[in-house]
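Chemist: please find the sequence and the predicted model below.
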Amino acid sequence: MEYIKTCARQHWAMNQKHLLECIRSPKTTLAQLLIPIFTVLLFWTVIREQATPRNGDSIAGDLTLPPLCTGSCNSIVYWPLEQRTWTVMQKFGSDNSLSVAPLNSPLSDATSGQYHIIGLSSSDYFDRDATASSEDAPAIKGLANNGWMSLVGVSFATHIHSHSARSLPRCFSDVTRNMSQCVDFAVYSNNTEKTGRYRSAVAGGITQSLASLTGRSPLKTSFSYAALPNGDSAGSIFARGAESGLLAFLCTFPFVFLFSHLAGESESGMRGLLKTMSLKDWVYLSSWFIHHLLLFTVPISIVMIMLFNMSYFHLFKATDTSLMLSVVFSYGFCAVAWGSAWAMVLKKSRLATIIGFFFFIMAMVMGIVFSIGPMVLYIVESPSAFDHFNAVAAFFMFPTWHFLRILVTIQLKTSNWSFSGGSGDSNLLFTWDDMKQTLDPNLAYAKDPITHTPMWSLGMIWVNAAVYIFLMWYMDKVFPDPKKSTYPPWFLFTPSFWGFSSGGYQDVDTEDHLMSYVPDADLNHEMTSAMQGNSALRVQALRKEFKTMGCLGGKVALHHLYLTADSGTIVALLGHNGAGKTTLINILTGKINPTSGDAIVFGHSATYEMDKIQTFTGICPQHDTLWGDLTAQEHMRIMSLIRRFEGDDTQDILARVKLDEVSSISSQFSGGMKRRLQVAISLLGNPSVLFLDEPTTGMDPVNRRRVWDLVRDFKRGKLVFLTTHAMEEAEVLGEKIAVLTDGELRSVGSALHLKSKFSSGYRLNIITMDNAQEAVINMVLTGLPGSRLTESNSANLVFAIGAADNHTDMGMFLRRLEAVSQTKIEQQIEAGFNPPPAMIRDWGLSNSTLEDVFLTVTRLGHQ
Ligand SMILES: Nc1ncnc2c1ncn2[C@@H]1O[C@H](COP(=O)(O)OP(=O)(O)OP(=O)(O)O)[C@@H](O)[C@H]1O
């Protein structure tokens, strides 16, 4: 129960964060949402433009009907054929001496040549099946099959959309009452001069007939003109092909953004940081998954269904709405899973974006190609088409293939395309029952029987989704990531993964290391305590080797390191750049795995029980890892929810680092402010162990001291592990100081102990006159035997003078030094003497510092 509560809380936290990011980057969010919607709208407009009546032509000029056609043609066809429309056309016919086919005349009457005006019982004769068989005489297919053509078409109340037939204006039900208020009709013809003249005349004639029918004048009719729909001309084949491509494009669109979001958080180290804050892997992944599903797939699906349903898209018009919604949603869901699995492999956000775009453009192109030439898909699928190529097997894990397979089947079954067999039923509404039937191979030009039904394809989409969700989880665990710990590929077969391990750490055999270890009492004591003591932190023979490209054996960042730390103390880890400090912290916080060895933190093994350790550790990483669009308060609230700790006083912690009144987002913070926020986040959850990796880098002296105070107040009863390059910081905070050189521990102890052990006791700084360096060095080394030149920087020389050495002559030497200084020489010249030239411009003697210790230890380490 506790586990579920924790996961729910972490989910809530992550979703808050996702939502805030969306709100804070409205341009990106809107682009993500609007690009697909605008694409649909644009496409819809283009299609509509092709087929919809255009408003704006007026009834003007000569309204007399030109001579009507004779022979195998109909002058005027109208739709729908029903009592109300027939009444209007009957009136129009009688007003203009045109013969009108009776209300219930069979379709064959249309081709009998007896009538000028005929009604069409099915919109299909009017809508999809008309082809322009000559420039001047658009024909209605069905009639055109018999060589018949029509000059003008009239559509009442609704345009050519079959769905709209359900929504004929109510007032149409009573021809004699109120009809003038709501009559809406469209007149179709092509755009040649001849039929253009018909258009005006027919529109004007119908308007007049309506007026006399209803006894009202003037009439409030509305009408529009359009070219006679061309049905399945080449243009609309393209449009239909593009429908599938567009659908594939839209459903794959969220894919790209998911890709770059997931890869971006891996790249920035945020994913690793959240993991160290004990955010569950599956909570992290599912939060992104659900976010994308809700934000993109669901709205896009709904908008598409709405738009498509009211427009001329064949796919939607010919398909049961619930079926199309399921297919679109299934593929959208699968695309998100597919994208997430890939994102686990592509850790670079830029690369991920490029590959994401590639995928979805490919989906669109495939959609268009397969839909324009639908049989292509089935020919490719046919085993006998290519001897050694099995498309079903090859594309099995390619969800776009399955998605297109369904769309193409719908297109084939419900179209009359002559080139695709022409046996499709253009009146068919593709339903769930059709999903269970295989396609007629003739229709698809496939050489072999088609074995898989569209339902099988839909099932495969869900199988794909399940497999990709698993792969996402698996790849996240095993794919090498320098910023996150990973499992070996076979981790599923290890008992420890299933919770069957002893749960304890493995003893490390120290004998070999003992033999090779530097014979140093402190280091040996450290090793013995690490192996046998009961300190809060015991690092045991920890080794980390990075595999590097082109370098056999890789880079050893830590060599069998032993270190201990007690609770209630602050350990300062010093080391040159690349010494291995961050690597050690990353291992201790579970960001990366050690190559060998272990560390015991409050009794738990870092190798086997990192999950437990992460519940009581806080970390301030070396590089700022923040969400750029969130404020300090929001960071604290969300991270606190993830840490699942009730008692956080986030406002108090923020006040301690002077960020409580800052309301800007973190990307607008200065470097020091980011660091302070990072320190504040590390304190959330009242951790027992706090890892601070160079916490005060970039801070001004006032804020640095503020953070020092905070860390000192915090440390009571806890263990603080700190890395720094600031010796002052190490000296002020560090009760125990450990110096690393090239991945090896070189010295350990308190600052005082190290100073007395390594430092020379004093530090002599000399600024020489020009060209006098060598003479001065000789003078010091001979005058103070045992002293050492530690720095030589042009005229600036630094000598270390050992405290242990007995310098009884030191006073005398310093007087000699003063005697050759510029001031003294000038005094002598003023006094009338003729002294030798000055050798020293200035000099000073001070106690040696931790920096001297560090330099000495590092130098010894390198030797
Ligand atoms: N992911 C990695 N792949 C290969 N080598 C790495 C990787 N991470 C660190 N190293 C190497 O390991 C060594 C130790 O690196 P680390 O970051 O621990 O040093 P550091 O002491 O923290 O240095 P600095 O003070 O500059 O932060 C370096 O030589 C570094 O190049």
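Modeler: The structure has been received and is ready for your questions.
Chemist: domains of the protein?
Modeler: Using automatic domain parsing, the domains assigned to the chain come out as 73-226, 234-470, 760-847.
Chemist: and the longest helix seen in the chain with the ligand, contact?
Modeler: Longest helix in the chain by number of residues, with DSSP state H as the criterion: helix 234-268. No: for helix 234-268 and the ligand, the contact criterion (CB under 6 Å from any ligand atom) is not met; the two come no nearer than 12.9 Å. All C-beta atoms are positioned from the backbone trio N, CA, C, and that covers glycine.
Chemist: low-confidence stretches in the stretch 401-550 of the chain?
Modeler: Confidence mapping of the stretch 401-550 of the chain against pLDDT under 70 gives the ranges 414-429, 441-448, 480-485, 496, 499-519, 548-550.
Chemist: in it, which spans are helices?
Modeler: For the stretch 401-550 of the chain, the helices defined by DSSP state H, counting those that start in this stretch cover 432-435, 441-444, 454-478, 511-516, 521-532.
Chemist: how about the stretch 751-863 of the chain?
Modeler: Taking DSSP H, counting those that start in this stretch as the criterion, the stretch 751-863 of the chain carries its helices at 751-758, 773-783, 810-819, 822-830, 850-862.
Chemist: in the stretch 1-150 of the chain, which residue sits closest to the ligand?
Modeler: residue 14 (26.3 Å; CB to the nearest ligand atom).
Chemist: wait, a helix at that residue?
Modeler: Yes: following the definition DSSP: H, G, I helix; E, B strand; the rest coil, residue 14 is counted among the residues of a helix.
Chemist: give the rounded mean pLDDT of stretch 1-11.
Modeler: For stretch 1-11, the mean pLDDT works out to 84.
Chemist: run the chain-centre distance for it.
Modeler: Between the centre of stretch 1-11 and the centre of its host chain there is 24 Å, according to CA atoms, centre = their mean, to the nearest Å.
Chemist: that stretch: which residues count as buried?
Modeler: Buried positions in stretch 1-11, judged by neighbour count with 16 or more other CB atoms under 10 Å: 6-7, 9-11.
Chemist: stretch 699-709 too?
Modeler: Of the residues in stretch 699-709, those with enough neighbours to count as buried (16+ other CB under 10 Å) are 699, 703-704, 706-708.
Chemist: strands of the stretch 451-600 of the chain, residue ranges please.
Modeler: 537-548, 551-565, 570-575, 596-601 (DSSP state E, counting those that start in this stretch).
Chemist: sorry, back to before: who wins for proximity to residue 622 among the helices of the stretch 751-863 of the chain?
Modeler: With CB to CB, the closest approach to residue 622 among these belongs to helix 850-862: 18.7 Å.
Chemist: who touches the closest one?
Modeler: 574-576, 727, 730-731, 737, 739, 741-742, 744, 746-747, 751, 754-755, 757-760, 763, 790, 800 (CB atoms under 8 Å, 6 or more residues apart in numbering).
Chemist: what angle sits between that helix and strand 570-575?
Modeler: Computed with axes from the mean of the first three to the mean of the last three CA atoms, to 10 degrees, the direction of helix 850-862 lies at 50 degrees from that of strand 570-575.
Chemist: got the CA positions of helix 850-862 in PDB?
Modeler: Only the C-alpha atoms of helix 850-862 are listed here, as PDB (Å, rounded to 0.1, in the frame of the first residue of the first chain):
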ATOM      1  CA  LEU A 850      46.400  23.200   3.200                       C
ATOM      2  CA  GLU A 851      47.100  24.200  -0.400                       C
ATOM      3  CA  ASP A 852      50.800  23.400   0.300                       C
ATOM      4  CA  VAL A 853      49.800  20.000   1.600                       C
ATOM      5  CA  PHE A 854      47.700  19.400  -1.500                       C
ATOM      6  CA  LEU A 855      50.500  20.500  -3.800                       C
ATOM      7  CA  THR A 856      53.000  18.300  -2.000                       C
ATOM      8  CA  VAL A 857      50.700  15.200  -1.900                       C
ATOM      9  CA  THR A 858      49.800  15.600  -5.500                       C
ATOM     10  CA  ARG A 859      53.500  16.000  -6.500                       C
ATOM     11  CA  LEU A 860      54.400  13.000  -4.500                       C
ATOM     12  CA  GLY A 861      51.500  11.100  -6.100                       C
ATOM     13  CA  HIS A 862      52.700  11.900  -9.600                       C
END
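Chemist: adding distance to residue 92, write the helices of the stretch 401-550 of the chain out as a markdown table.
Modeler: Converted to a markdown table, the helices of the stretch 401-550 of the chain look like this (distance: least, CB to CB, whole Å):
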| stretch | distance to residue 92 |
| --- | --- |
| helix 432-435 | 41 |
| helix 441-444 | 42 |
| helix 454-478 | 46 |
| helix 511-516 | 105 |
| helix 521-532 | 103 |
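Chemist: and stretch 625-636, how far out from the chain's middle?
Modeler: Using CA atoms, centre = their mean, the mean C-alpha position of stretch 625-636 is found 18 Å from that of the whole chain.
Chemist: what do you get for stretch 95-107?
Modeler: Stretch 95-107 sits 63 Å away from the centroid of its parent chain (CA atoms, centre = their mean).
Chemist: quick one: average pLDDT of it?
Modeler: For stretch 95-107, the mean pLDDT works out to 81.
Chemist: going forward, the N-terminal residue is numbered 34.
Modeler: That works, and once the first residue is 34, the last one we named lands at stretch 128-140.
Chemist: next, the buried residues of it.
Modeler: Of all the residues in stretch 128-140, those buried under the rule 16+ other CB under 10 Å are 129, 131, 133-134, 138, 140.
Chemist: what of stretch 486-495?
Modeler: Using 16+ other CB under 10 Å as the burial criterion, the residues of stretch 486-495 that qualify are 486-491, 493-494.
Chemist: skipping its backbone neighbours, what lies nearest the residue nearest the centre of the chain in space?
Modeler: In the chain, the C-alpha closest to the average C-alpha coordinate belongs to residue 294, at a distance of 2.1 Å (CA atoms, centre = their mean). Computed as CB to CB, 6 or more residues apart in numbering, the closest residue to residue 294 that is not its neighbour in sequence is residue 321, at 6.4 Å.
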